[in-house]
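> return a 3D structure for these sequence lines:
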Amino acid sequence: MEQFLTTAWRWWLIVWPHVLAVSILAINVLASAHAILVKRDTRSTIGWVGLIWLSPVFGAIAYAVLGVNRIRSRATQLRAGALTVIHELRASVPGPERLTAAIGPPGAPLRSLATLVGEVTNRPLVDGNTITALAGGDEAYPRMLAAIDGATRSIGLSSYIFDNDPTGRIFAEALARAVNRGVAVRVLVDGIGSRYTYPPITGVLAARGVRAERFLPTTAPFYFPYANLRNHRKILVVDGTIGFTGGLNIRDGCWLAHEPAHPVRDMHFELRGPVVTQLLEVFVEDWAFASGESLVGDPTTAGIDGPWAPDQHVAGTTLARGIRFGPDDPDIGRIKLVLVGALAAAQKTVRIMTPYFLPDDAVCQALDVAAMRGVEVDIVLPDQNNLALVSWASTAMLWQVLGRGCKVWMSPPPFDHTKLMAVDGAWAMFGSGNWDDRSMRLNFEFNVETYDRTVAGQIDRHIADVIARSRPKTLAEVDDRSLPIRLRDGIARLFSPYL
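Model prediction:
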């Protein structure tokens, strides 16, 4: 037996280097094949394959940990089999003559943009809407509360942040009154956003008989603003008739008349007409995912009926469309295609407001191309950001747009959380999405586009008014940062895909 063990040990000492070499080869081949088949960017693919082969084992481990897009995979798995709600809106879709009158003839820049967004979203542009811009919580909250108090059938409210503070409790009481009137009320708060205050508002709502759920509850730390797969949407739909959406969370800091310690400017929008159905579709899907409760009628058609039935009455003459996007998008993502398409359609002006500006190279190049074509491109950012790491990373990449003719403006305090885009004063987009990878890839978002010159012109003028009281951020200022500051900002930029 001893001789047998000795022989086996000697055999293993001879064979094991070959087994190890074959194992490493197999791992490298599998990791390289995955990168080649999955990665869309050629430079990224070359970089990962090179690391895998030049650093055996370590390279494959690094790719498995950092190179595989688990965010999209996780989102796709989570949403697999989830309820899909697509309501019939054919009666509200404008015909060719209406499109020509409102947007331009076939082949016109905005007409082409409308075609692109339709292909990207697979949802129709609908006519017969009104859109009212609301300046922050001071205008939006009273309108939202009045709508809640006037509800007779249903209230669907989704918010990233819903604080348990004076403003949050005012909303909680209004929602409780609606429940007591027999209104069907559902409230969805993000799992991270619900924990910005303690105890969370969900407990307050439940104690008052309001059905509330958290979207993907998490055991992450109490305050973790960079968590992934968050429901960043802000949607309120009342009786299937009145909708509210934009960038406004529900918290006291956004109600400036309350003189909060940390004031936040923002813009929200009230919508009426068939486009409200598209807001309702998204809310019903998100609610079903988070709660397991379906609010639809006939499961074979996924139509919404009963108290949640949409009211598709004509409320105005505005063309609008909802744009849902998030980590379960295919390939490049819906919103990047919309942004690049809008920048390509611009003929005279592009005006952008966003609190967080960390676009990838493709979007930066689209901004640069627009500016180099002679389009006036203005980007408005807050001078004092509420997330220092994002501000540092943003500063580190501003040379990409400043060097090609785009203008960057820093708006004065208080912190401005507004998210707007206007093209030629004829097309506009607003909603919950920011100009960063977090909004474009990692969180669930909702925007609205409109081709109404009155609404787009109003948004364009609002951004122009903010620019008038803002200071320019120049390329010289960016280049003149001290070495320690440049290193700090550069290091922050390394984390930009996750900020």
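
> surely S394 meets P355?
No. Assessed by C-beta atoms under 8 Å, S394 is found out of contact with P355, at 9.8 Å. Glycine gets a C-beta too; all of them are placed from N, C-alpha and C.

> gap between L494 and V183?
49 Å (C-beta to C-beta, to the nearest Å).

> neighbour-wise, which of these two wins?
Counted by other C-beta atoms under 10 Å, L494 and V183 do not tie: V183 has more neighbours, with 19 against 11.

> mind checking pLDDT for that one?
pLDDT recorded at V183 is 96.

> show me what contacts it?
A151, T152, R153, S154, I155, P307 (C-beta atoms under 8 Å, 6 or more residues apart in numbering).

> wait, what's in contact with the second one?
Read that as T152. Per C-beta under 8 Å, 6+ apart, neighbours of T152: R181, V183, D239.

> let me know the helix or strand that it is in.
Using DSSP states H and E, T152 sits in no helix or strand.

> please begin residue numbering at 863 from this point
In the new count, where the first residue is 863, that last one comes out as T1014.

> next one: it from A1040, what distance?
9 Å.

> same thing with the fifth one?
I1017 sits 6 Å away from A1040, taking C-beta to C-beta as the criterion.

> cool, and E959?
E959 sits 42 Å away from A1040, going by C-beta to C-beta.

> more crowded one of the two?
A1040 (21 against 8).

> contacts for the helix or strand containing that one?
Per DSSP H and E: A1040 is located in helix 1028-1042. Outside helix 1028-1042, the residues within contact range by C-beta under 8 Å, 6+ apart are 999, 1003, 1006-1007, 1010-1011, 1013, 1017, 1019, 1024, 1047, 1049, 1059, 1063, 1066-1067, 1070-1072, 1112-1114, 1116-1117, 1120.

> please enumerate the shared neighbours of S1256 and P1217.
What both S1256 and P1217 touch, as defined by C-beta under 8 Å, 6+ apart, is the set L1243, N1247.

> now do the helices in the stretch 1013-1162 of the chain.
1028-1042, 1063-1069, 1137-1153 (DSSP state H, counting those that start in this stretch).

> swap in the stretch 863-1012 of the chain?
Using DSSP H, counting those that start in this stretch, helices in the stretch 863-1012 of the chain cover 864-900, 904-916, 920-924, 932-941, 958-964, 971-983, 998-1011.

> just checking, what packs against the fifth one?
In terms of contact count using 3 or more C-beta pairs under 8 Å, 6 or more residues apart in numbering; DSSP states H and E, helix 958-964 is assigned the packing partners helix 971-983.

> quick one: low-confidence parts of the stretch 1063-1212 of the chain?
Applying pLDDT under 70 to the stretch 1063-1212 of the chain flags the ranges 1081-1090, 1159-1167, 1193-1194.

> in contact with P1244, which residues?
P1244 is in contact with P1217, M1272, S1273, P1275, F1277, D1278, counting by C-beta under 8 Å, 6+ apart.
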